[in-house]
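Participant: My questions concern the predicted model and sequence given below.
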Amino acid sequence: MKRLMMVLSGFVLSAIFSGPVENARAGEKGMELLMSRCASCHNLHGPAPTTLSGLWARKGPDMFYAGNKYRKKWLISWLEHPVRIRPAGMFYADHVVPGPERDVIDTSTLKAHMALSPADARLAAEALMSLRGHDDLISKETVPPGSISKSMGALVFDKFLGCIACHRIEPDYGGLSGPELYTAGDRLRPRFMASYIRSPQAWDPKIWMPNKHVSDSRIVQLVHYLQALSKGGSHG
Ligand code: HEC
Ligand code: HEC
């Protein structure tokens with residue numbers, strides 16, 4: 001009788017805990033997937049490169065703070081259907097050649113990103129969201145909800161701060177050496193955008209994005225502008 005009770009309570013316990021146990025198993029499977037198929041190009045443990053040669057040799061964006069950076073919904077859909085984010089690859093100098101009027105991208109040297117099955121995309125996204133190497137930086141930011149007109153935002157982004165030199169705000173409009181920002185609102189968490197604009201080098205010590213010492217109120221305007229951009233329509 002005592003034995004039966006023990007078996008029964010074990011059964012009840014495992015029924016109660018099957019949720020978390022299943023999740024833990026999925027988490028483990030997701031981490032295994034990252035280790036076996038992604039770690040050759042993405043740094044899952046940190047720290048970010050501390051030398052220029054390390055930066056230029058980087059094969060893909062650092063992922064050890066993916067959970068601080070990306071929106072999960074975007075991750076899942078991008079991993080199933082990847083589209084180019086950095087118009088000239090990880091290090092633009094490797095893929096940009098002088099053209100008759102301005103530099104052009106040599107697309108023949110750019111490779112497409114692997115696509116995952118829906119099930120693997122979900123597993124990978126889940127595991128990526130658990131990597132939060134920069135909770136410290138994120139906890140310093142608050143971005144109140146709000147909006148800004150696209151014309152005012154463009155003035156700040158293009159004219160006052162010169163961000164357009166490196167970032168595209170439309171598929172064919174803007175610089176080549178940074179990630180496009182017309183999908184940033186879908187891709188990135190608002191507090192990550194604020195923190196990165198405040199201090200790019202706090203995230204990535206050797207990155208060539210300059211710290212423009214943007215004021216708190218301008219940072220919030222920029223985040224609202226990037227959110228507005230990914231809601232569609234043209235700039236201006
Ligand atoms: C051969 C190298 C390589 C492998 C392997 C690889 N990636 Fe990437 N990954 C890249 C590069 C390069 C980019 C930048 C693409 C761009 O800017 O368009 C990228 C971009 C990404 C992004 C978009 C985020 C961002 O900020 O650009 C995600 C998410 C991602 N990879 C996840 C993964 C996962 C998950 C795996 C494993 C299943 C994986 N990658 C395997 C090279 C790789
Ligand atoms: C000299 C070029 C340059 C300038 C000017 C520049 N950036 Fe960047 N920016 C970069 C690079 C390079 C990255 C990171 C590249 C990477 O992750 O591969 C970046 C990253 C970002 C990111 C994070 C995007 C992502 O997908 O990870 C945001 C947001 C951003 N910049 C906004 C701005 C804003 C706002 C300005 C103007 C105040 C600005 N940038 C000016 C080059 C630049």
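Facilitator: Nice, thanks for sending it over. Ligands and ions are numbered 1, 2, ... in the order given.

Participant: quick one, helices of this structure?
Facilitator: 2-37, 52-56, 66-69, 72-80, 118-129, 135-138, 150-154, 184-187, 190-198, 200-203, 216-229 (DSSP state H).

Participant: okay, those, which one's buried deepest?
Facilitator: Comparing the helices of the chain by mean neighbour count (mean count of other CB atoms under 10 Å), helix 66-69 ranks first with a mean of 23. Every C-beta, even on glycine, is put in place using the N, C-alpha and C of the backbone.

Participant: does any part of that one sit near ligand 1?
Facilitator: No. Counting by CB under 6 Å from any ligand atom, ligand 1 has no neighbours in helix 66-69; the shortest distance is 7.0 Å.

Participant: near ligand 1, which residues of this structure?
Facilitator: When proximity is defined by CB under 6 Å from any ligand atom, the chain lies next to ligand 1 at 37-38, 40-42, 59-61, 75, 78-79, 84-86, 90, 113-114, 116, 124.

Participant: give the contact list for the residue nearest to residue 77 when sequence neighbours are not counted.
Facilitator: In space, and not counting its chain neighbours, residue 77 is closest to residue 121: 7.7 Å by CB to CB, 6 or more residues apart in numbering. Contacts for residue 121 (CB atoms under 8 Å, 6 or more residues apart in numbering) come out as 75, 76, 77, 79, 80.

Participant: The residues of the chain next to ligand 1: which ones sit near ligand 2?
Facilitator: Contacts with ligand 2 within those, counted by CB under 6 Å from any ligand atom: 61, 86.

Participant: picking that back up, take the contacts of residue 121 and lay them out in a markdown table including pLDDT and distance to residue 203.
Facilitator: Below are the contacts of residue 121 laid out as a markdown table (pLDDT from 0 to 100; distance: CB to CB, whole Å):
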| residue | pLDDT | distance to residue 203 |
| --- | --- | --- |
| 75 | 98 | 18 |
| 76 | 98 | 23 |
| 77 | 98 | 24 |
| 79 | 98 | 22 |
| 80 | 98 | 26 |
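
Participant: Check those against residue 170 and report the nearest one.
Facilitator: residue 77 (20.7 Å; CB to CB).

Participant: distance of the closest one from ligand 2?
Facilitator: 16 Å (CB to the nearest ligand atom, to the nearest Å).

Participant: can you check residue 24 too?
Facilitator: Counting by CB to the nearest ligand atom, the gap from residue 24 to ligand 2 is 30 Å.

Participant: what does residue 55 give?
Facilitator: 9 Å.

Participant: contacting residues around that residue?
Facilitator: 49, 91, 204, 206, 207.

Participant: looking at those residues, which has the most residues close by?
Facilitator: Greatest neighbour count in those, by other CB atoms under 10 Å, goes to residue 204: 20 neighbours.

Participant: what's the neighbour count on the spatially closest residue to that residue that is not a sequence neighbour?
Facilitator: Excluding the flanking residues, the one nearest residue 204 by CB to CB, 6+ apart is residue 48, at 4.7 Å. As a burial measure, residue 48 scores 20 neighbours (other CB under 10 Å).

Participant: pLDDT score assigned to residue 48?
Facilitator: Looking at residue 48, its pLDDT reads 98.

Participant: dump the residue contacts of it.
Facilitator: 62, 203, 204, 205, 206 are the contacts of residue 48 under CB under 8 Å, 6+ apart.
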